[in-house]
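> sequence and predicted structure are below.
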Amino acid sequence: MARATNYNRDAALDAAMAVFWRKGYHATSLKDLEAALNMKPGSIYAAFESKENLYLLAIDRYYEASRKGFYEQMATATTPLTGLAAQFQNYAGLAQGDPSRQACMLMKTVLDTASTDPKIAAASQHYLDQMCAGFAECFKAALAVGELPHDADPMRLARRYQANVSALRVELQRGTPRDDILKLAADMAQETLDLGVSR
């Protein structure tokens with residue numbers, strides 16, 4: 001097998017993630033990857049073994065970046081619930097060219113590969129489960145500081161929260177008018193805040 005020429009692995013993975021996220025696993029051709037990574041086919045295979053493995057590395061990178069961004073934003077929040085609510089406003093305020101205005105890459109992957117590529121679908125589902133568990137931890141933190149009623153179910157709330165985030169991002173990708181996106185995000189944020197107990 002041809003040896004990979006000198007390349008920046010992080011930059012190559014970012015480029016692969018971008019094209020895979022935009023086009024999906026099946027619709028992304030080797031020529032698409034050659035152009036995005038600026039690498040010849042032999043070098044791509046030498047560096048990443050296969051298209052499947054490159055995709056798995058790309059969704060892992062997507063998950064880690066999403067997780068890091070989420071916790072960085074949560075760290076600046078005054079309370080867990082206000083932090084969770086602010087996520088919706090953050091998505092609504094994304095600049096027009098921001099890649100996060102697309103639907104979640106992991107959700108798109110599950111839909112694209114569930115019946116054709118079980119290894120990729122399973123990895124995406126695992127990352128979605130991990131993200132949901134992270135949301136649940138934030139709801140547990142809200143429960144611990146008395147923001148939520150004592151009988152609140154953090155995992156149930158996390159699943160609803162994840163569904164709302166996914167729905168908002170679908171609307172962003174659909175090109176829903178900005179004013180409607182802002183209203184939808186405000187409604188979702190308020191729904192999250194309304195989970196809290198009265199002070």
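Sure, I can see it.

> any idea which helix or strand in this structure has the lowest mean pLDDT?
Least confident helix or strand, the chain: helix 41-48 with a mean of 92, by mean pLDDT, DSSP states H and E.

> how about it: buried residues?
By neighbour count on 16 or more other CB atoms under 10 Å, the buried set for helix 41-48 is S43, I44, Y45, A46, A47, F48. Just so you know, the C-beta spots here come from the backbone N, C-alpha and C atoms, and that holds for glycine as well.

> nearest to F135 among those residues?
The closest of the buried residues of helix 41-48 to F135 turns out to be F48 (CB to CB; 31.0 Å).

> gap between that closest one and T116?
20 Å (CB to CB, to the nearest Å).

> so what does the longest helix anywhere in the chain touch, helix or strand wise?
Determined from DSSP state H, the single longest helix within the chain is helix 118-144. Contacts defined by 3 or more CB pairs under 8 Å, 6 or more residues apart in numbering; DSSP states H and E place helix 118-144 against helix 51-75, helix 80-92, helix 105-113, helix 154-174.

> any chance of those helices in TSV with distance to R22, mean pLDDT and mean neighbour count as columns?
Below are the helices and strands packed on helix 118-144 laid out as TSV (distance: least, CB to CB, whole Å; pLDDT from 0 to 100; neighbours: other CB atoms under 10 Å):
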stretch	distance to R22	mean pLDDT	mean neighbour count
helix 51-75	11	96	16
helix 80-92	18	95	20
helix 105-113	9	95	21
helix 154-174	10	96	17
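
> E147 is nearest to which of these?
Minimum separation from E147 across the helices and strands packed on helix 118-144 (CB to CB) falls at helix 80-92, 5.0 Å.

> the closest one to helix 51-75, inter-axis angle?
120 degrees (axes from the mean of the first three to the mean of the last three CA atoms, to 10 degrees).

> and the residue lying closest to Q125 once chain neighbours are set aside, what does it touch?
Closest residue to Q125 apart from its sequence neighbours, by CB to CB, 6 or more residues apart in numbering: V110 at 5.9 Å. Counting by CB atoms under 8 Å, 6 or more residues apart in numbering, V110 touches A121, S124, Q125, L128.

> now render these as JSON lines, adding pLDDT, distance to Q173 and neighbour count.
Output for the contacts of V110, formatted as JSON lines (pLDDT from 0 to 100; distance: CB to CB, whole Å; neighbours: other CB atoms under 10 Å):
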{"residue": "A121", "pLDDT": "96", "distance to Q173": "20", "neighbour count": "18"}
{"residue": "S124", "pLDDT": "97", "distance to Q173": "17", "neighbour count": "28"}
{"residue": "Q125", "pLDDT": "97", "distance to Q173": "20", "neighbour count": "17"}
{"residue": "L128", "pLDDT": "97", "distance to Q173": "17", "neighbour count": "18"}
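
> all set, thanks.
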